[in-house]
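**Q** Provided below are the primary sequence and the corresponding predicted coordinates.
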Amino acid sequence: QCNSITPSSILGRQLDTSDEDGKCSWPVWKPIDKKVDLHQIRGTITSLLYEIDENWSAFLLHSYINREQRNFINDLRIKPSRVSYAVIQIDFAENYAFLRQ
């Protein structure tokens, strides 16, 4: 159901049409030269809504995977088991660095 509805279709109804060209700024992680950095973007409300719409399906997938992993790990902690095991969770951010020493 969320895939068929875009954030701009919901938020656009809440905005006054005269505000759509209003200026705003927002942070975005962008890859540049094989490195991901946080950039401050300035633009119109319309351009912000467009960027949110463009990334919406990736956000939904990320949110779903995160929620399912969290539920699975919580279930492992709660349910007793005859087998000993360790749960190791590694969450690499987009801008992680692994340095060999």
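**A** Nice, I can see it.

**Q** contacts, neighbours, all on C-alpha from now
**A** OK.

**Q** which one's the longest helix in this structure?
**A** With secondary structure taken from DSSP state H, the chain has its longest helix at helix 45-78.

**Q** Show me what counts as buried in it.
**A** Ile45, Thr46, Ser47, Leu48, Leu49, Asp53, Trp56 (16 or more other CA atoms under 10 Å).

**Q** For those, work out which two are farthest apart.
**A** Ile45 and Trp56 (16.2 Å; CA to CA).

**Q** Can you report the mean pLDDT over the residues of the longest helix of the chain?
**A** The average pLDDT for helix 45-78 rounds to 90.

**Q** Are we agreed that Asp21 is in a strand?
**A** No - under the criterion used here (DSSP: H, G, I helix; E, B strand; the rest coil), Asp21 is coil, not part of a strand.

**Q** correct me, but it touches Ile45?
**A** Yes - judged on CA atoms under 8 Å, Asp21 makes contact with Ile45 at a distance of 6.0 Å.

**Q** re the thing from before, what would the buried residues of helix 45-78 look like in a markdown table with distance to Tyr85?
**A** What follows is the buried residues of helix 45-78, written out as a markdown table (distance: CA to CA, whole Å):
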| residue | distance to Tyr85 |
| --- | --- |
| Ile45 | 50 |
| Thr46 | 50 |
| Ser47 | 48 |
| Leu48 | 45 |
| Leu49 | 45 |
| Asp53 | 41 |
| Trp56 | 36 |
